[in-house]
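sequence unknown, structure follows:
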């Protein structure tokens with residue numbers, strides 16, 4: 001799959017807008033509703049996205065500062081996503097939505113003005129800016145899906161699912177090695193039908 005960076009950013013924008021629209025005007029009592037991610041509420045899902053959008057911005061603009069922040073989080077244990085969620089449960093829904101919306105808009109602007117091939121640090125191996133944008137798309141879809149599930153509403157399929165599927169396929173061998181597993185020798189095929197019927 002050749003890289004269509006403007007298309008990737010457009011897909012991230014669509015998925016971001018879809019989630020933002022769903023969260024706008026969400027009654028206060030819904031923010032504490034449990035999601036399929038054990039122990040995480042809707043509020044936790046949104047704070048996770050906002051926090052790691054800010055982390056991505058830091059990786060893009062100040063990689064040395066990002067490395068220090070990431071090392072500090074990891075030093076506290078690999079459960080740092082749960083700790084991040086717990087630390088932000090004091091935020092009111094309005095403050096959380098304001099944080100997520102601002103962080104996402106700033107990140108979209110940064111991505112649009114970045115070389116997609118430039119390498120940036122992350123919590124694991126470095127990645128390209130394009131891979132970073134794909135990771136934010138995947139995270140937005142996955143955590144958004146948990147939110148849609150918790151609210152009992154359909155999560156519409158979007159063209160961005162192609163990039164998410166591509167990420168899963170392209171990291172197939174890496175994910176096995178990362179978890180100490182042998183990479184299967186049998187080829188794996190994935191066939192998807194897009195929302196447009198392709």
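Here it is on my side, so go on. It should be emphasised that the depicted structure is a prediction, and the values quoted were computed from it without experimental measurement.

all contacts plus neighbour counts: C-alpha atoms, from now on.
OK.

Any idea how many residues pack against the nearest residue to residue 164 once chain neighbours are set aside?
Counting by CA to CA, 6 or more residues apart in numbering, residue 164 lies nearest to residue 138, which is 5.4 Å off, once chain neighbours are set aside. For residue 138, the tally of surrounding residues (other CA atoms under 10 Å) stands at 21.

who touches the longest helix that the chain contains?
Criterion DSSP state H: the longest helix present in the chain is helix 129-151. With CA atoms under 8 Å, 6 or more residues apart in numbering as the contact definition, helix 129-151 has outside contacts at 5, 8-9, 11-12, 15-16, 19, 33-37, 42, 45-46, 49, 53, 56, 60, 111, 114-120, 154-155, 160, 163-164, 167.

same thing with stretch 159-178?
By CA under 8 Å, 6+ apart, the list of residues contacting stretch 159-178 from outside reads 1, 8, 11-12, 15, 134-135, 137-138, 182-183, 194-195.

Pull the distance from it to the chain's centre.
Distance of stretch 159-178 from the chain centroid (CA atoms, centre = their mean, to the nearest Å) equals 13 Å.

What of stretch 73-81?
The mean C-alpha position of stretch 73-81 is separated from the chain mean by 18 Å, CA atoms, centre = their mean.

Same question for stretch 18-35.
The chain centre lies 17 Å from the centre of stretch 18-35; the measure is CA atoms, centre = their mean.

repeat for stretch 11-24
12 Å.

So for the longest helix of the chain, mean pLDDT?
In this model, helix 129-151 has an average pLDDT of 96.

Also compute the angle for the helix or strand where residue 14 lies relative to helix 129-151, please.
Assigned by DSSP states H and E, residue 14 belongs to helix 5-23. Angle of helix 5-23 versus helix 129-151, following axes from the mean of the first three to the mean of the last three CA atoms, to 10 degrees, is 20 degrees.
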